[in-house]
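>>> Structure of the sequence below:
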Amino acid sequence: MTTELVYTVKAVLELDTLAPKHPPCFVDQPQWVHWLAVAAVSSDRKMRPIKGGEFNRSVDFCADWDSIRRHAMQDAGRCRPAWLVDKEDESAG
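Purely as a prediction, here's the structure:
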């Protein structure tokens, strides 16, 4: 197996336990973990959801939304691009 494939399999398996609570724009935790799994497989190295055995809170989960989805989430009050950073601050304090 290549190093990339080993990383991907390991990261996907770790997502269930390492992923923080889903951002409000995701329906539920399973949808969030699924999106993260796809990101683990298809992302460049900078945006991978798992880095060094920890969750990467700089993952840009807004990047995949088109303008229609983005506006719908904004209108519903569910658009929170800083969700992961905010949650990290809450857990630290």
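
>>> could you pull out the helices for this structure?
3-18, 29-42, 67-75, 83-92 (DSSP state H).

>>> ranking those helices by burial, who's on top?
Among the helices of the chain, helix 29-42 has the highest mean neighbour count (mean count of other CB atoms under 10 Å), at a mean of 17. (Each C-beta comes from the backbone N, C-alpha and C, glycine too.)

>>> Which neighbouring elements make contact with it?
Contact here means 3 or more CB pairs under 8 Å, 6 or more residues apart in numbering; DSSP states H and E; on that basis helix 29-42 packs against helix 3-18.

>>> again, 10 Å this time
helix 3-18, strand 50-51 (3 or more CB pairs under 10 Å, 6 or more residues apart in numbering; DSSP states H and E).

>>> Could you list the low-confidence segments of the chain?
Applying pLDDT under 70 to the chain flags the ranges 1-8, 11, 43-46, 88-93.

>>> any idea how far Glu14 lies from Gly52?
11 Å (CB to CB, to the nearest Å).

>>> which non-adjacent residue is nearest the residue nearest the centre of the chain?
Nearest to the geometric centre of the chain sits Leu36, at 4.8 Å (CA atoms, centre = their mean). Excluding its sequence neighbours, the residue lying closest to Leu36 (CB to CB, 6 or more residues apart in numbering) is Pro49, at 4.4 Å.
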